[in-house]
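Q: Provided below for reference: sequence and predicted model.
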Amino acid sequence: QQKVQQSPESLSVPEGGMASLNCTSSDRNFQYFWWYRQHSGEGPKALMSIFSDGDKKEGRFTAHLNKASLHVSLHIRDSQPSDSALYFCAAKEEASSSFSKLVFGQGTSLPVVP
Amino acid sequence: EAAVTQSPRNKVTVTGGNVTLSCRQTNSHNYMYWYRQDTGHGLRLIHYSYGAGNLQIGDVPDGYKATRTTQEDFFLLLELASPSQTSLYFCASSDRGYAEQFFGPGTRLTVL
């Protein structure tokens, strides 16, 4: 069973609209989350991390973490065609330590439709 | 921004063949990683390293060897390639074990 589950698998959003992506960890040890974005033909690139309960905003992107439910979401405001990509949620056991592995979800495909 | 390069970008081999995928990072990062990406599975960690000569086992290591020859260079070896290893392979690096990972452009491997 995948320890990090993302939903939906695919989400179409109109240009200028709001996109909401979800991610849940089934392992209570994984409480620290990253969002990565992968454009077609490229490697993934980190968007943002969130380690504390509540919201974290970076430009048009807002992440929300609820540690009690092990749920994190990513909201994209005013979606642009350049936001069309595959979005990965990744979870880890420790916020900062010598090392802890990142475990990735299966990804959410987000096409932004003009 | 961190630079991670991979070669080759595309590779086709036959079952039982030997393949070496190469990765180089030019930012003196301590940690380097090899992942495979498959639809429905996301990215899965094969091997990782926290310095030259060091190697750690990831989550899906079977059928893969890796070697970190220098701070910059990390190689993934498939000694008897099988069709199940057909995938998109990514190398990544990070300054610390908990920091942002920087990914290369990927190598698409097809095993016939």
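A: On my side now, so go ahead.

Q: Show residues contacting stretch A:7-26.
A: Identification of contacts with stretch A:7-26 by C-beta atoms under 8 Å, 6 or more residues apart in numbering or on different chains yields A:1-6, A:31, A:33, A:35, A:69-81, A:83, A:87, A:89, A:91, A:105-114. Quick note: C-beta positions are derived from backbone N, CA and C, even for glycine.

Q: buried residues in that stretch?
A: Buried residues in stretch A:7-26, counted by 16 or more other C-beta atoms under 10 Å in any protein chain shown: A:L11, A:V13, A:A19, A:L21, A:N22, A:C23, A:T24, A:S25.

Q: what's near enough to touch the spatially most central residue of chain B?
A: By C-alpha atoms, centre = their mean, chain B has its centre lying nearest to B:W34, at 2.9 Å. Contact analysis of B:W34 by C-beta under 8 Å, 6+ apart lists B:21, B:23, B:45-48, B:58, B:64, B:66, B:74, B:76, B:89-91.

Q: What ranges in chain A fall below the confidence cut-off?
A: Counting by pLDDT under 70, chain A shows low-confidence ranges at A:1, A:95-98.

Q: how about 50 then?
A: Counting by pLDDT under 50, chain A contains no low-confidence range.

Q: Around chain B, pick out the residues from it.
A: Chain A comes close to chain B at residues A:2, A:4, A:6, A:34, A:41-46, A:49, A:88, A:90, A:92, A:94-107, as judged by C-beta under 8 Å from any C-beta of the partner chain.

Q: that older thread, okay, and which of the buried residues of stretch A:7-26 map to strands?
A: With DSSP state E as the criterion, strands contain A:V13, A:A19, A:L21, A:N22, A:C23, A:T24, A:S25 from among the buried residues of stretch A:7-26.

Q: What strand or helix carries B:R36?
A: strand B:31-38 (DSSP states H and E).

Q: That strand: partners in the sheet, and parallel or antiparallel?
A: Using DSSP bridges, strand B:31-38 pairs in its sheet with strand B:42-49 (antiparallel), strand B:87-94 (antiparallel).

Q: Now render the ones you listed as TSV, adding mean neighbour count and distance to B:P8.
A: Shown next, in TSV, are those (neighbours: other C-beta atoms under 10 Å in any protein chain shown; distance: least, C-beta to C-beta, whole Å):
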stretch	mean neighbour count	distance to B:P8
strand B:42-49	22	17
strand B:87-94	24	11
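
Q: Give me the neighbour count for the residue nearest to A:S40 when sequence neighbours are not counted.
A: Leaving aside its chain neighbours, A:S40 sits nearest to A:A85 (7.5 Å; criterion: C-beta to C-beta, 6 or more residues apart in numbering or on different chains). Neighbour count for A:A85, taken as other C-beta atoms under 10 Å in any protein chain shown: 21.
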